[in-house]
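# I need the structure of the sequence given here:
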Amino acid sequence: MSENRVRISLTVYDYPAGDVIPLARAAEEAGFDAIWVGEHYVSPRVFTSEHPSANPADEHPAARIVGPSVRLHDPWCFLGAVAGATTRLKIGTAISIVPLNHPLLLARSVLTAQEISGGRVLFGTGAGWLREEYDALNIPFETRAARYDEMIDIMRRAWAGGYFEHAGEHFRFGAVQLTPHRVDVPLIIGGNSERALRRVAKKADGWLNSAMIDLAEAERLRDRIEVLRREYGTDERPFRYYVRPPRPEREDIERYAAAGFHDIVLWGPQVWSTDVEATLQDKRATLRRVAENLGLPVAT
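Residues are numbered from 1 along each chain as shown. Next up, the predicted model:
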């Protein structure tokens, strides 16, 4: 498996705060391409919302994401720390729950991260699924999709540089400027639903699937996106597929690569334990073993 063909990154969540910098530095040394961080701001004591990945074989997936013992971190503080501790590692959100934010404030956070990191941001986005989190922040859950679409357009204009104004269904403001010059930000849109795939085809520079999927499902969803990109006339635009396989195994990833998937995102806890009892030395050793098994150019 050639590093020139396949880029492997980690999506991290529910880590002790003290692991963030050691993990980032170890991942960069081990040859990983990026660190992606999940986003939730609160853990509701009571919730009935189901995560999109829920299936009969997966008990309580939502509780593992926002349960009472889950450690949540602000994504932009997290990624700023990672950017400052590394020089090459890309930094991404997987995903930023866009409608929980005001578009100008979110666009500012993304701009700052992109410029401070030297252009290493991968802005993964989604509409979110946890109604109770929306309720806690006093943001209407029912309009999140429409707000999301409008916010993408606003943020694109903000990153283009110069003054602009907006009068839409959900946001309205006079002429403002966030940056005097253009700043390019790769917009990655997540989701496996038909509505999400249509948004991907219309607006995105790349796609990140929800949860972990097998190769057959990854190919099915990619084929659907390509049909939609041709339908919307966006198929000539550069585009990247970020896929999350179920296991961090070399033979599996080689199968994905052979099928044309060159950006692989692994579930971080399979590579670097979230266990507070495990030592950093043991965690580094595990990450290094995985990297070597995957054929990454581990630094000596």
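# the lengthiest helix in the chain packs against which elements?
For the chain, the helix with the greatest residue count under DSSP state H is helix 215-232. Judged by 3 or more CB pairs under 8 Å, 6 or more residues apart in numbering; DSSP states H and E, the packing partners of helix 215-232 are helix 194-203, strand 206-208, strand 240-243, helix 250-258. Quick note: C-beta positions are derived from backbone N, CA and C, even for glycine.
# packing partners of the longest one?
For helix 194-203, the packing partners by 3+ CB pairs under 8 Å, 6+ apart come out as helix 144-159, strand 187-190, helix 215-232.
# which stretch among those comes nearest Asp14?
strand 187-190 (18.3 Å; CB to CB).
# for the longest helix of the chain, what is the average pLDDT?
Across helix 215-232, pLDDT averages out at 98.
# from Glu236, how far out is Lys202?
14 Å (CB to CB, to the nearest Å).
# more neighbours: the two, which one.
Lys202 (16 against 8; other CB atoms under 10 Å).
# give me the below-cutoff pLDDT ranges for the stretch 1-150 of the chain.
1-4, 53-61 (pLDDT under 70).
# quick one, helices of it?
Taking DSSP state H, counting those that start in this stretch to define them, one finds helices in the stretch 1-150 of the chain at 20-29, 61-66, 75-85, 103-116, 131-136, 144-159.
# what is the end-to-end distance of stretch 169-182?
With CA to CA, to the nearest Å as the measure, stretch 169-182 spans 26 Å from end to end.
# who's in contact with Thr286?
Val271, Trp272, Ser273 (CB atoms under 8 Å, 6 or more residues apart in numbering).
# that one sits in which helix or strand?
helix 280-294 (DSSP states H and E).
# any idea of the mean pLDDT in that helix?
96.
# once you drop chain neighbours, what's closest to Val121?
Gln114 (4.3 Å; CB to CB, 6 or more residues apart in numbering).
# these two touch, right, that neighbour and Val185?
Yes. Taking CB atoms under 8 Å as the definition, Gln114 is a contact partner of Val185 at 5.6 Å.
# overlap in contacts of these two?
Contacts common to Gln114 and Val185, judged by CB under 8 Å, 6+ apart, are Val121.
# ok, back up a step: now the longest helix of the chain - C-alpha only, PDB.
Coordinates of each C-alpha in helix 215-232 appear next as PDB, following Å, rounded to 0.1, in the frame of the first residue of the first chain:
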ATOM      1  CA  LEU A 215     -16.800  -1.400   1.100                       C
ATOM      2  CA  ALA A 216     -20.000  -2.400  -0.700                       C
ATOM      3  CA  GLU A 217     -22.000   0.400   1.000                       C
ATOM      4  CA  ALA A 218     -19.100   2.900   0.400                       C
ATOM      5  CA  GLU A 219     -19.200   2.000  -3.300                       C
ATOM      6  CA  ARG A 220     -23.000   2.300  -3.400                       C
ATOM      7  CA  LEU A 221     -23.000   5.700  -1.800                       C
ATOM      8  CA  ARG A 222     -20.100   7.000  -4.000                       C
ATOM      9  CA  ASP A 223     -22.000   5.800  -7.100                       C
ATOM     10  CA  ARG A 224     -25.100   7.700  -6.000                       C
ATOM     11  CA  ILE A 225     -23.000  10.900  -5.300                       C
ATOM     12  CA  GLU A 226     -21.500  10.700  -8.800                       C
ATOM     13  CA  VAL A 227     -24.900  10.300 -10.400                       C
ATOM     14  CA  LEU A 228     -26.000  13.400  -8.500                       C
ATOM     15  CA  ARG A 229     -22.900  15.400  -9.400                       C
ATOM     16  CA  ARG A 230     -23.600  14.700 -13.000                       C
ATOM     17  CA  GLU A 231     -27.200  15.700 -12.500                       C
ATOM     18  CA  TYR A 232     -26.200  19.100 -10.900                       C
END
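# show me which residues of stretch 244-256 are buried.
Arg244, Pro245, Pro248, Ile253, Tyr256 (16 or more other CB atoms under 10 Å).
# and stretch 209-222, by the same measure?
For stretch 209-222, by 16+ other CB under 10 Å, it's Asn209, Ser210, Ala211, Met212, Ile213, Leu215, Ala218, Glu219, Leu221, Arg222.
# stretch 88-95 now?
Quick answer for stretch 88-95 (16+ other CB under 10 Å): Leu89, Lys90, Ile91, Gly92, Thr93, Ala94, Ile95.
# His102: which of these is nearest?
Thr93 (16.4 Å).
# if I look at the residue nearest to that closest one when sequence neighbours are not counted, how far off is Pro22?
If the residues on either side of it in the chain are set aside, Thr93 comes closest to Gly124, at 4.7 Å by CB to CB, 6+ apart. For Gly124, the distance to Pro22 equals 23 Å [CB to CB].
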